[in-house]
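coords please:
(2 chains, ligands or ions: 2)
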Amino acid sequence: MKAVNTMRLVFPSRSVNEGFARSAVAAFAAQADPAMDELADLKTAVSEAVTNCIVHAYADRIGTVTLYAALYEEGTLRVTVTDKGCGMPDVAKAMEPLYTTGGPERAGLGFAVMTSFTDSLKVRSAPGRGTSVVMEKRLGRR
Amino acid sequence: MTQVTLRQEGKTLTALLSGEIDHHGAARLREEIDGRVAAASPAILVLDFSAVTFMDSAGIGLILGRHKLVSAMGGVVVVQKAPKDIRRTLSVAGIESKE
Ligand SMILES: Nc1ncnc2c1ncn2[C@@H]1O[C@H](COP(=O)(O)OP(=O)(O)OP(=O)(O)O)[C@@H](O)[C@H]1O
Ligand SMILES: [Mg+2]
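Ligands and ions are numbered 1, 2, ... in the order given. As a prediction, the model looks like this:
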């Protein structure tokens, strides 16, 4: 599959960038003529992945978050969010609904939201090395 | 801008939320709501989402955290008037929004 357009964002893990990242992806996705609810779902899923880098991967420091987006001919958007933070020892466990290491103000539903709001979600992680979240969403299927 | 306006009528405290609720904005909402909850000990805390334009799981955490706080004081939390996009996110947590 060949991408018809791509973009890359690199930004520090400051919480103010949560809004920036999801808005930038939505603006990039606009060229695929997405439905309003597709765009809302995409923004929510991107927000979850980026927030996890800020809250968990770089819990006590500022690190670099890289977001890569690629749009394919038939309207599939693939978004990859990568950090070089703490990583996860057990990805399957971390992805279970309600699982959280984040304390009482976290619902532990970020991965559940990403799963239900995208068509495909893949997570790769290595403790001490970082995490990469790849999600795909088909756009413009009205 | 993420904002909350608090209004009290008798034992009901209503929090009118507006803007985008994410991890970045949720901390301030939490502080403002919890400050008033501590002072007023409401029987009902209404979280009104009618002016919320974006919400992710940080909003779910905000609701569950307030539920924990208010129910420990013998009160209840009511979620109301969430727009369609927000209701989709709420449904991941099995939370229903009243009309
Ligand atoms: N990028 C990451 N780096 C390291 N750990 C992560 C990362 N993303 C997720 N995790 C781990 O996976 C757990 C589950 O993540 P998930 O987003 O589902 O819930 P949460 O972030 O804890 O809470 P919520 O998203 O509901 O606020 C986190 O608590 C954390 O332990
Ligand atoms: Mg999360």
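
which residues of chain B score low on pLDDT?
Chain B contains no residues with pLDDT under 70.

Let me fix that, I meant to ask about chain A.
Where chain A drops to pLDDT under 70, the residues are A:142.

tell me which parts of it are close to ligand 1?
Taking CB under 6 Å from any ligand atom, the part of chain A that reaches ligand 1 is made up of A:48, A:52-53, A:55-57, A:83, A:85-88, A:94, A:99-102, A:106-111, A:131. In short, each C-beta sits where N, CA and C put it, glycine included.

and if you look at chain B?
Proximity of chain B to ligand 1 (CB under 6 Å from any ligand atom) is limited to residues B:57-58, B:61.

In terms of distance to ligand 1, which of those ranks first?
Nearest to ligand 1 among the residues of chain B next to ligand 1 is residue B:57, at 3.4 Å by CB to the nearest ligand atom.

For the closest one, what are phi and psi?
Main-chain dihedrals, residue B:57, degrees, to the nearest 10: phi -60, psi -20.

What sits closest to whichever residue of chain A sits closest to ligand 2 if chain neighbours are left out?
As assessed by CB to the ion, ligand 2 sits closest to residue A:110 within chain A, at 2.6 Å. Nearest residue to residue A:110, sequence neighbours excluded (CB to CB, 6 or more residues apart in numbering or on different chains): residue A:48, at 4.2 Å.

what comes up buried for the helix or strand harbouring that neighbour?
Counting by DSSP states H and E, the element that carries residue A:48 is helix A:36-52. Within helix A:36-52, the residues scored as buried using 16 or more other CB atoms under 10 Å in any protein chain shown are A:38-52.

Could I get the CA-only coordinates of the following helix or strand past that helix as PDB?
Once helix A:36-52 ends, the next helix or strand along the chain (criterion: DSSP H and E) is strand A:64-72. Output in PDB follows, covering the C-alpha atoms of strand A:64-72 (Å, rounded to 0.1, in the frame of the first residue of the first chain):
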ATOM      1  CA  THR A  64      10.000  13.600  23.000                       C
ATOM      2  CA  VAL A  65       6.700  12.400  21.400                       C
ATOM      3  CA  THR A  66       6.700  11.600  17.700                       C
ATOM      4  CA  LEU A  67       3.500  11.300  15.800                       C
ATOM      5  CA  TYR A  68       3.500  10.100  12.200                       C
ATOM      6  CA  ALA A  69       0.400  10.000  10.100                       C
ATOM      7  CA  ALA A  70      -0.100   8.400   6.600                       C
ATOM      8  CA  LEU A  71      -3.100   8.600   4.400                       C
ATOM      9  CA  TYR A  72      -3.700   5.800   1.900                       C
END
